[in-house]
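test case, fold it:
(one chain, ligands or ions: 2)
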Amino acid sequence: MTQMYADIILPFPLDTPFTYSIPASLVQSVVPGTRVEVSFRNKVYTGVVVAIHDKAPATYKVKSILSVPDEYPLVDSSQLNLWKWMADYYLCTMGEVFNAAVPAFFKLGSETIITEKPDSTVNDQDLDDKEFLIKEALSLQHELSVQDIRQILGQNTVQPILKRLLTKGVIAIREEIKGGYKPRVVKQLKLGSLYREEEALQAVFETLNKAVKQQHALMVYYQLAPDFQPVNKAMLLRKAAVSPAVIKAMLDKGIFEEVELEVSRILKSDTRKAEKSMLTSPQLEALDSTLKQLQQKEVVLLHGVTGSGKTEIYLELMESIVREGKQVLYLLPEIALTAQIIHRLKERFGAIAGVYHSKFNHSERIEIWQAVKEKKYQVILGARSALLLPFADLGLVIVDEEHDYSFKQQDPAPRYHARDTAIYLARSAGAKTILGTATPSVESYFNARSGKYGYVELTERYAGMQMPDTQLVDMKQRNGKKKELHFTNDLLENIQRAKEQHQQVILFQNRRGYSPYIVCSQCGWSPQCANCDVHMVYHKAKDELRCHYCGFRQDTYHECPACSSTQLLIQGFGTEKVEDELQLQFPDLKIARLDMDAVKTKTGHERIIQDFEEGLVDVLVGTQMVTKGLDFDNVSLVGILSADQLLNFPDFRASERGYQLMMQVSGRAGRKHRQGKVLIQATNTRHPVLQYIIQHDRHAFYAEELEQRKKFLYPPFVRLIQITLKHKFQDRSLNAGYAFVQALGRIAGCEILGPVTPGIARIRGKYRSEILIKATTGALKTIKQKIRSSRKSTLSIKQFQSVEIVVDVDPV
Ligand SMILES: [Zn+2]
Ligand SMILES: [Zn+2]
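Ligands and ions are numbered 1, 2, ... in the order given. Presented below is the predicted three-dimensional model:
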């Protein structure tokens, strides 16, 4: 019999797969996609077979595959094909894609650490001898490597046993111990147990004659829940238009009791399929048009203004795919914002809808992986990495908020864009893609308008809601003492009015911390990070300076270390300062902050959002976190504090990004039957982007932006590839850049810019030099090959061996 060989990828950045021989006993079970255990540099790792052949490698002595842990292949040829495409397109290795795609448990190596799960409730009788042995060993030593477990059991194949222990909740893989996913909790109110009889209720009504607001709240509760079932607290606050203090008084008296309901529990108990909500006629037209265009086009862009009800259209489309027996992938930029949508998917599709994201633990991820593979899940909602699940029969991909930059993975490789990868995935599965957003990326808009994609527009807000009234406010109107304040009179008056009318406000300032610069007024000295060439940002809450690039912290200065002056000026402003200034203006206003610092230090994102939803907070101040897909129904005012800062930075995407952020945050203003208001503070009120925003003229914005991109050669008219070379010595990084450019040579259809030292030369102690390549589509293949070979040749030069080279295709 001919000796057969398998090419195997391992979960690290090796340029090519490694070849191993297949022992005769395993020939039957080794096919492309099979997981295998192999020895590599004297350790055992898990890899995946990508090809089988009969050619022995010429350059190294071949080793044999040790074992096959599964009965079935982990992935099929379509996933392998996707991995290969990603590695080619994004100029990384198959190993890096494998690493990103597959849950940790499927990549166990000798050194992976297994720990005992502290809260395990499994009885010893439910474990077989070997499982029990491992549990015992772990209870003595707490941690064991996979290699230790092999030795304890005296056998090489331990993965099936570990998998059983993982599923039974006895063991964990070490990384997973860092915080898990917390289900969202919704506060509900129900009538106190003493009052659940008509007579008792009647009596309490009368005792409340002197507390009119409480009486009113009770009446509203009774209308909402004549059978005394629990009612959402936020809804009651709103419908009764009373303050949280009123409800608190009633809770203290025992009239109401508070119950907390996990959203996940709602999902489990609520398996009935909900009645379809009726589509409005603009929605029906959009659905119809989408279906028609999908017959001709692989991709359709659904461009619907904020609040136009795109989700209902997605649900209809999903349902038709599910009816055909196929699978739907629904991608969202951030999983933290999906609770509402998960609920609706579960209502509509019941048990065939699943969620996937990086906060799930290992056993949950394995479960989902299997369920997708076996088509138990037909609808999968997830962030970026969900597109790497092993779909068996994909029919539709929906990329919601397709413009969002978090669809692009920055670090580590693969630096892929989930939207573009999803389009490739769908196309190779013979499926269709829907891109949905109120503010398309310039690339997608161009593709849709030029006929490559279908295009459907939804210009009306759902159920007769009006578009917000958007106005510009000139920052120059501040005068005298007010000049130091970051609020104009207009904005302050509108906040006051919202407060009087018990409505909520969102204030957007895309910079966290208190103040980005501290400058000595005598000598101009300013504190810099020790590791990066950037100003330290002042954070008042902790009275310290922080670097937003590397996280470095230090005590703040009270006098200038250069000239000993105590006249240190605080310049610019971040969310902390907005919060501070506003509190000074309105001492009794309840203000919350939503930015990365607040999310880390307080009880997190969910809590802040929930307090705002429940009306416990009057004003929410935040960074771009407040712009993303949040629906609040009591926000009448949105204030954008500094439009100039959004629009004036040296990046060809500055206008696009500024436009998207401002339009998205504006979309949070307004509610049923009431037009919302948006105030944009700016110094340069004549900036064209601001004009398009106040006129709600989206097509004009895109037309102008496309003209600029065409003129200065930026996407979508060329493709960009950015190469960053990092080293602790500046000349080394720059010279490596020159060597790289020289190795690239000249390539037709490509413009090669650099190497240059970027605005921030040093980050985390490493100097950078950057090369930017603008390539026409026709030149892409050649330039990518050249980049691969130039990377190799540069790194083979002795003095550049320690240079880190990062290649980013389609950077955002
Ligand atoms: Zn000084
Ligand atoms: Zn730093």
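
which residues of the protein lie near ligand 2?
Cys529, Asn531, Cys532, Cys547, Tyr549, Cys550, Phe552 (CB under 5 Å from the ion). Quick note: C-beta positions are derived from backbone N, CA and C, even for glycine.

okay, buried residues for the helix or strand hosting Arg348 please.
Arg348 belongs to helix 339-349 when assigned by DSSP states H and E. By neighbour count, and taking 16 or more other CB atoms under 10 Å as the criterion, the buried residues in helix 339-349 are Ala339, Ile341, Ile342, His343, Arg344, Leu345, Lys346, Glu347, Arg348, Phe349.

dump those to a markdown table, plus pLDDT and distance to Leu80.
Output for the buried residues of helix 339-349, formatted as a markdown table (pLDDT from 0 to 100; distance: CB to CB, whole Å):
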| residue | pLDDT | distance to Leu80 |
| --- | --- | --- |
| Ala339 | 65 | 34 |
| Ile341 | 81 | 31 |
| Ile342 | 81 | 30 |
| His343 | 78 | 35 |
| Arg344 | 83 | 34 |
| Leu345 | 88 | 29 |
| Lys346 | 86 | 32 |
| Glu347 | 86 | 36 |
| Arg348 | 90 | 33 |
| Phe349 | 93 | 29 |
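
which one of these is nearest to ligand 2?
Ligand 2 has its nearest neighbour among these in Ala339, at 34.4 Å by CB to the ion.

tell me the average confidence for the host helix or strand of Val806?
Per DSSP H and E: Val806 is located in strand 804-809. For strand 804-809, the mean per-residue pLDDT is 97.

now that strand: buried residues?
Ile805, Val806, Val807, Asp808, Val809.

next: stretch 662-682.
662-671, 676-682.

do stretch 356-370 as well
Quick answer for stretch 356-370 (16+ other CB under 10 Å): Tyr356, His357, Phe360, Asn361, His362, Ser363, Glu364, Arg365, Ile366, Glu367, Ile368, Trp369.

is the first one in a bridge, and if so with what?
Beta-bridge pairing of Tyr356, defined through DSSP bridges, involves Gly382.

per-residue pLDDT, it?
Here, the pLDDT recorded for Tyr356 equals 87.

wait, it sits on Ile380?
Yes. If you go by CB atoms under 8 Å, Tyr356 and Ile380 touch, sitting 5.9 Å apart.

quick check: neighbours shared by those two?
Ile368, Val372, Ala386, Leu389 (CB atoms under 8 Å, 6 or more residues apart in numbering).

need these in a markdown table with pLDDT, distance to Gly304 and secondary structure, can you?
Formatted as a markdown table, the shared contacts of Tyr356 and Ile380 follow (pLDDT from 0 to 100; distance: CB to CB, whole Å; DSSP: H, G, I helix; E, B strand; the rest coil):
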| residue | pLDDT | distance to Gly304 | secondary structure |
| --- | --- | --- | --- |
| Ile368 | 90 | 30 | helix |
| Val372 | 95 | 28 | helix |
| Ala386 | 94 | 23 | helix |
| Leu389 | 96 | 27 | coil |
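
can you tell me which of these has the most neighbours?
Leu389 (26 neighbours; other CB atoms under 10 Å).

just give the nearest non-adjacent residue to it, would you?
Ranked by CB to CB, 6 or more residues apart in numbering and with sequence neighbours excluded, the top spatial neighbour of Leu389 is Val372, at 4.5 Å.

report the contact partners of that neighbour.
Gln327, Gly354, Tyr356, Ile380, Leu389, Pro390, Phe391, Ala392.

one more: Arg668?
Taking CB under 8 Å, 6+ apart, we find Arg668 in contact with Thr306, Ile506, Val626, Thr627, Leu630, Asp631, Phe632, Val635, Val638, Gly676.

and which of the residues you listed is nearest to Glu258?
Phe632 (21.3 Å; CB to CB).

so the closest one, which of the three states?
Under DSSP: H, G, I helix; E, B strand; the rest coil, Phe632 falls in the coil class.

that one - how many residues pack around it?
17.

convert the C-alpha atoms of stretch 91-111 to PDB, please.
Provided in PDB are the C-alpha atoms of stretch 91-111 (Å, rounded to 0.1, in the frame of the first residue of the first chain):
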ATOM      1  CA  LEU A  91      -2.100  38.200   4.100                       C
ATOM      2  CA  CYS A  92      -1.800  36.000   7.200                       C
ATOM      3  CA  THR A  93      -1.400  32.300   7.700                       C
ATOM      4  CA  MET A  94      -4.000  29.500   7.800                       C
ATOM      5  CA  GLY A  95      -2.800  28.700  11.400                       C
ATOM      6  CA  GLU A  96      -3.800  32.200  12.500                       C
ATOM      7  CA  VAL A  97      -7.200  31.800  10.900                       C
ATOM      8  CA  PHE A  98      -7.600  28.300  12.500                       C
ATOM      9  CA  ASN A  99      -6.700  29.800  15.800                       C
ATOM     10  CA  ALA A 100      -9.400  32.500  15.500                       C
ATOM     11  CA  ALA A 101     -12.000  30.200  14.100                       C
ATOM     12  CA  VAL A 102     -12.100  27.400  16.500                       C
ATOM     13  CA  PRO A 103     -13.000  27.300  20.200                       C
ATOM     14  CA  ALA A 104     -10.100  26.700  22.500                       C
ATOM     15  CA  PHE A 105     -11.100  23.200  23.400                       C
ATOM     16  CA  PHE A 106     -10.600  22.000  19.900                       C
ATOM     17  CA  LYS A 107      -7.000  23.200  19.900                       C
ATOM     18  CA  LEU A 108      -5.700  21.500  23.100                       C
ATOM     19  CA  GLY A 109      -2.000  21.100  23.200                       C
ATOM     20  CA  SER A 110       0.300  19.400  25.700                       C
ATOM     21  CA  GLU A 111       0.700  22.600  27.700                       C
END
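
which residues sit against stretch 560-580?
486, 507, 509, 511-523, 525, 537-541, 557-559, 581, 591, 593, 595, 597, 621-623, 641-642.

hmm, it touching ligand 1?
Yes. Judged by CB under 5 Å from the ion, stretch 560-580 and ligand 1 are in contact via Cys560, Ala562, Cys563, Ser565.

gap between that stretch and the chain center?
33 Å (CA atoms, centre = their mean, to the nearest Å).

hey, C-alpha coordinates of it in PDB?
Only the C-alpha atoms of stretch 560-580 are listed here, as PDB (Å, rounded to 0.1, in the frame of the first residue of the first chain):
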ATOM      1  CA  CYS A 560       5.600  72.100  36.400                       C
ATOM      2  CA  PRO A 561       8.700  69.800  36.700                       C
ATOM      3  CA  ALA A 562      10.500  72.000  34.200                       C
ATOM      4  CA  CYS A 563      10.100  75.500  35.700                       C
ATOM      5  CA  SER A 564       8.300  74.800  39.000                       C
ATOM      6  CA  SER A 565       5.400  77.100  38.000                       C
ATOM      7  CA  THR A 566       2.000  76.100  39.500                       C
ATOM      8  CA  GLN A 567       0.100  77.600  36.600                       C
ATOM      9  CA  LEU A 568      -0.800  74.400  34.900                       C
ATOM     10  CA  LEU A 569      -3.600  74.800  32.400                       C
ATOM     11  CA  ILE A 570      -6.100  72.100  31.700                       C
ATOM     12  CA  GLN A 571      -7.100  72.200  28.000                       C
ATOM     13  CA  GLY A 572      -9.700  70.400  25.900                       C
ATOM     14  CA  PHE A 573     -12.400  68.200  27.500                       C
ATOM     15  CA  GLY A 574     -13.500  64.700  27.700                       C
ATOM     16  CA  THR A 575     -16.700  63.000  29.000                       C
ATOM     17  CA  GLU A 576     -15.600  63.300  32.700                       C
ATOM     18  CA  LYS A 577     -15.400  67.100  32.300                       C
ATOM     19  CA  VAL A 578     -18.700  67.300  30.500                       C
ATOM     20  CA  GLU A 579     -20.200  65.400  33.400                       C
ATOM     21  CA  ASP A 580     -18.500  67.700  35.900                       C
END
